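>>> sequence-free structure coming up:
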């Protein structure tokens, strides 16, 4: 095989060098050189000769229906958009020990039990270590092939010989191309490895899953082009000491990026949660100040979550503001509305706001619940657990309309709530609701009169 030619490119100014340099002689930046593979010029003019590369009218294009097949794990299928698309490439990232390898080994076993040939390539574990984990998960299908290898040339050769339906690579940062001198996990290695896997996945119509390490900030390690090249990017969220894991799509060419998958980590692996609302609601019977239940929309499902706030007098000159699962800047803004519009003297108080269960919420419909939770803790007055509320809060203290009102109210009725406080503009059609009392409010003051 002809050896690949490489050079080193400054990522700041584009200066090219035949060897690695610590400092760029052109722009003066340090540690900016990255190894690049030199492409042959004839590759740009290559054509298949069958007319595929010629421009055609979009009206004349004929495509078949998406060929999807399920993984056997309902939560994973939902996040993927209804199942796996043949020839697609899926990247899964998350903190160490959160369950990436466990989920994919479980999926590989279930896919192989459905008469799919699956090749699981582990670059971090030996065959014995993978076998021990497979025994714990109950993965014992004959169609599940395990391979411990880091060399991309050997992996591609095995894929061509086996021709699997599904390929799993764990992880992309451990695989290397021997013709590139840089270490595994570097920018050039990851880019070339992903490009090679993508070519064989698209060429042979193989659904490919790759696991990616994350950095200290939580982003997938390596170049951002890695996320651009793949079809789907999934992130695992959750704490290692928490039994619940959340799988969220941040990119999906074959489905929505708003879907959410919730799993429970057990000794036998990851199991999907059928009723997420029960997971995120508190188990305590006693009603405490600062606790509010709100409905939030996550893709195609509605989830009831509990928001807890603790407002206490600060012993320091600069009071602390902490938010877990919420946008901290938005919490500060809502506290300023309480201070300015309603005379709540919270400027000298520490405030801690938390979403129970580790869920991260960004939609503005939770504003009314957050501000009510803070006010409840500040006044030391509890809110009845049968009350649920939602709505966006403006800077003047008004409660603004939100979307998907019917889904939120139906979930509240299903979970047995008796009163629902919503924006006045969303009240049309719910004035005579029998199963639950629906109350419309225009301002935060009206909402506080109903809940306190």
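Perfect, I can see it now. Quantities reported herein were computed from a predicted structural model and do not represent experimental measurements. Numbers count the residues shown, from 1 in each chain.
>>> counting contacts, what elements does the helix or strand where residue 311 lies pack onto?
Assessed by DSSP states H and E, residue 311 sits inside strand 301-313. Here strand 301-313 touches helix 276-280, strand 291-298, strand 349-355, helix 367-379, helix 405-414, going by 3 or more C-beta pairs under 8 Å, 6 or more residues apart in numbering; DSSP states H and E. The way it works is simple: take the backbone N, C-alpha and C, and place the C-beta from them, glycine included.
>>> which stretch among the ones you listed comes nearest residue 226?
Among these, strand 291-298 comes nearest to residue 226, with 25.9 Å by C-beta to C-beta.
>>> Give me the angle between the closest one and strand 301-313.
140 degrees (axes from the mean of the first three to the mean of the last three C-alpha atoms, to 10 degrees).
>>> counting contacts, what elements does strand 291-298 pack onto?
So strand 291-298, by 3+ C-beta pairs under 8 Å, 6+ apart, packs with strand 301-313, helix 367-379, strand 387-389, helix 405-414.
>>> what mean pLDDT does that strand have?
The average pLDDT for strand 291-298 rounds to 92.
>>> coming back round to it: let's have the helices and strands packed on strand 291-298 in a markdown table, adding mean pLDDT and mean neighbour count.
Output for the helices and strands packed on strand 291-298, formatted as a markdown table (pLDDT from 0 to 100; neighbours: other C-beta atoms under 10 Å):
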| stretch | mean pLDDT | mean neighbour count |
| --- | --- | --- |
| strand 301-313 | 92 | 20 |
| helix 367-379 | 95 | 25 |
| strand 387-389 | 94 | 24 |
| helix 405-414 | 92 | 19 |
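>>> Nearest to residue 67, out of these?
So among these, strand 301-313 is nearest, using C-beta to C-beta, at 25.7 Å.
>>> quick one: strands adjacent to that closest one?
Partner strands and pairing direction for strand 301-313 (DSSP bridges) are strand 291-298 (antiparallel), strand 349-355 (antiparallel).
>>> For the first one, what is the distance to the chain centroid?
Read that as strand 291-298. Strand 291-298 has its C-alpha centroid displaced from the chain centroid by 19 Å (C-alpha atoms, centre = their mean, to the nearest Å).
>>> Now do the residue nearest to residue 70 when sequence neighbours are not counted against residue 203, distance only.
Excluding its sequence neighbours, the residue lying closest to residue 70 (C-beta to C-beta, 6 or more residues apart in numbering) is residue 83, at 4.7 Å. In this view, residue 83 and residue 203 are 21 Å apart by C-beta to C-beta, to the nearest Å.
>>> So the two - more neighbours on which side?
residue 83 (19 against 10; other C-beta atoms under 10 Å).
>>> In contact with that one, which residues?
By C-beta atoms under 8 Å, 6 or more residues apart in numbering, the contact list for residue 83 reads 68, 69, 70, 71, 77.
>>> Give me the neighbour count for the nearest residue to the fourth one once chain neighbours are set aside.
Closest residue to residue 71 in three dimensions, ignoring its sequence neighbours and counting by C-beta to C-beta, 6+ apart: residue 107, at 4.6 Å. Other residues lying near residue 107 total 24 when counted by other C-beta under 10 Å.
>>> and residue 107, what pLDDT?
Looking at residue 107, the pLDDT reads 94.
>>> Then it would be within a helix, right?
Yes. If the criterion is DSSP: H, G, I helix; E, B strand; the rest coil, then residue 107 is within a helix.
>>> dump the residue contacts of it.
71, 72, 73, 76, 209.
>>> From residue 95, how far out is residue 405?
36 Å.
>>> Can you tell me which of the contacts of residue 83 lies closest to residue 391?
residue 77 (33.0 Å).
>>> so what does the lengthiest helix in the chain touch, helix or strand wise?
As assigned by DSSP state H, the longest helix anywhere in the chain is helix 187-204. With contacts taken as 3+ C-beta pairs under 8 Å, 6+ apart, helix 187-204 sits against strand 33-37, strand 89-93, helix 152-162, strand 166-170, strand 207-212, helix 225-229.
>>> 6 Å instead?
strand 33-37, helix 152-162, helix 225-229 (3 or more C-beta pairs under 6 Å, 6 or more residues apart in numbering; DSSP states H and E).
>>> now the first one against helix 187-204, angle please.
Our comparison of strand 33-37 with helix 187-204, counting by the same axes, to 10 degrees, yields an angle of 30 degrees.
>>> Parallel or antiparallel, list what pairs with strand 33-37.
strand 6-10 (antiparallel).
>>> what comes into contact with the partner strand?
Residues outside strand 6-10 that contact it (C-beta atoms under 6 Å, 6 or more residues apart in numbering): 16, 17, 18, 20, 24, 32, 33, 34, 35, 36, 37.
>>> farthest pair in these?
Counting by C-beta to C-beta, the most remote pair of the contacts of strand 6-10 is 24 and 37, 19.9 Å apart.
>>> how close does residue 369 sit to residue 36?
51 Å.
>>> and if you look at residue 204?
27 Å.
>>> likewise residue 253?
From residue 253 to residue 36 the distance is 27 Å (C-beta to C-beta).
>>> Tell me which of those two has more neighbours.
For residue 253 versus residue 36, the count of surrounding residues by other C-beta under 10 Å is larger for residue 36: 18 against 12.
>>> In the protein, which residue is most central in space?
With distances taken as C-alpha atoms, centre = their mean, residue 248 lies nearest the centre of the chain, 2.7 Å away.
>>> Quickly run through the sheet partners of whichever strand or helix holds that one, with directions.
Element membership for residue 248, per DSSP H and E: strand 244-252. Strand 244-252 pairs in its sheet with strand 232-237 (antiparallel), strand 260-266 (antiparallel), by DSSP bridges.
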